[in-house]
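K.L.:
Requesting a structural model of the entry that follows:
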Amino acid sequence: MPLIFEIREYEGSPAELSDFMFTHWSATYRGKMVVPRWTADYLRWQLRMDDPSFRRHIVVAYKGTQLAGVLAHVPLEIHLIGQRFRASQQSWLTVAQEFRRQGVGQAMADRSVAIHRERGCAFHVGYTYFGHKISLGPKFVRDTQSKHVNSIRNAGFWVRVLDPAKSAAWNINPWEAWATRLATPLFPRLGRPTNTALTIRPAEPRDLDTCLALVNRETSQCDLRIAWDADSMSRQLGLQGYSHALVAEEGGQVRGLITFHILPMTGHFEAPVGIIDIVGVSELSKTARNAVVDAALLSLQELGAIVALKLRVGDYPPGLFLRLGWMIRPPDSHVVVDWISVPRPAHEFSRLHLLWR
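P.N.:
Predicted coordinates:
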């Protein structure tokens, strides 16, 4: 008898959704891949779960009252090759183990596309992880997405170890753990900047307009980039909780910005990992650029992060991370786009401004 399930808006709490995701990701990947824990506070921040009008962007499958799967997206406006479109970033795909291979993922994907069409979206973007053969993401894209899906580039990370001993013990990749132990003496100590002409401080509400303009200038050369507005930028600046941001004043004016957050991840054990989102430092001097990045790393270290990650897709000044202590992690994900109402552009995408979600 075929499985009967219903696709509808999510009815539970952020904590229940967090537990559902982590339970089923852990059952599939724990001990083989690093497993993120999207906490209740993270989901409130990222998916705006305290706003009922955003619940429609969390597509879920139920069998009766039992949650069977979730596929969520964040509405965005995105600049694509000189034009601005309604779009979204899609992630957090989870299907309960007992309901896999029964059409749940396809049904959620179909409903997600319908919501995008209703909203007048041109496309949605996301990532498929190919860094381990056990990953279900590439197969899901092959089996459930439309012929209008394509990969526009690969993505990896810049990595900065903040606690070498814990990072090596946490890492489930034996080679990376060994390399971390070997490189421990090379990791420079982080310190506060001593340049009296430079002020680095937490972002405040008065910085919103300046930061918004700064980031849009910083990323203007990207082929595909988030079009920030006051509401979305305020969430990145931590003005509505969860995220953190530092601004840099040089010459008495705010000329730089960096935003970041903590995400618990499970390797051999669960530990906090720092995710650097926005790096807007092109208008600073080279010394000040390095100081802003180091200040963010120090803040993450003080928050308990054992390692910091920055998505490597070209939305920062060339050479910024080519310094002692930073390491390049090989590409492990495809950036994929599902073109819903825009014909697939015949264009090469070299620089992107997207967040890792």
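
K.L.:
following the helix or strand bottoming out on mean pLDDT in the chain, which helix or strand shows up next?
P.N.:
Lowest mean confidence among the helices and strands of the chain (mean pLDDT, DSSP states H and E): helix 137-144, at a mean of 74. Counting by DSSP states H and E, the element after helix 137-144 in chain order, helix or strand, is strand 149-161.

K.L.:
Could you tell me which residues within the helix or strand following that following strand count as buried?
P.N.:
The helix or strand immediately downstream of strand 149-161 is helix 164-170, counting by DSSP H and E. Burial within helix 164-170, assessed by neighbour count using 16 or more other Cβ atoms under 10 Å, is assigned to Pro164, Lys166, Ser167, Ala168, Ala169, Trp170. All C-beta atoms are positioned from the backbone trio N, CA, C, and that covers glycine.

K.L.:
Could you tell me how far the least confident helix or strand of the chain lies from the centre of the chain?
P.N.:
Relative to its parent chain, helix 137-144 has a centroid offset of 20 Å by Cα atoms, centre = their mean, to the nearest Å.

K.L.:
what does that helix contact?
P.N.:
Leu93, Gly105, Gln106, Ala109, Tyr127, Thr128, Tyr129, Phe130, Val149, His334, Val336 (Cβ atoms under 8 Å, 6 or more residues apart in numbering).

K.L.:
Verify the stated contact: Ile258 with Val292.
P.N.:
Yes - between Ile258 and Val292 there is a contact under Cβ atoms under 8 Å: 5.4 Å.

K.L.:
got any residues that touch both of those two?
P.N.:
Shared contacts of Ile258 and Val292 (Cβ under 8 Å, 6+ apart): Leu246, Val281.

K.L.:
Run the chain-centre distance for the helix or strand where Ser88 lies.
P.N.:
Using DSSP H and E, Ser88 falls within strand 83-95. In terms of Cα atoms, centre = their mean, the centre of strand 83-95 is set 12 Å apart from its chain centre.

K.L.:
re the thing from before, list the buried ones in the least confident helix or strand of the chain?
P.N.:
Neighbour count says helix 137-144 has Gly137, Pro138, Phe140, Val141, Thr144 buried, by 16+ other Cβ under 10 Å.

K.L.:
One more: stretch 105-114?
P.N.:
Gly105, Ala107, Met108, Ala109, Arg111, Ser112, Val113.

K.L.:
who's in contact with the first one?
P.N.:
Okay, so that is Gly105. Gly69, Leu71, Leu93, Val95, Phe140, Thr144 are the contacts of Gly105 under Cβ under 8 Å, 6+ apart.
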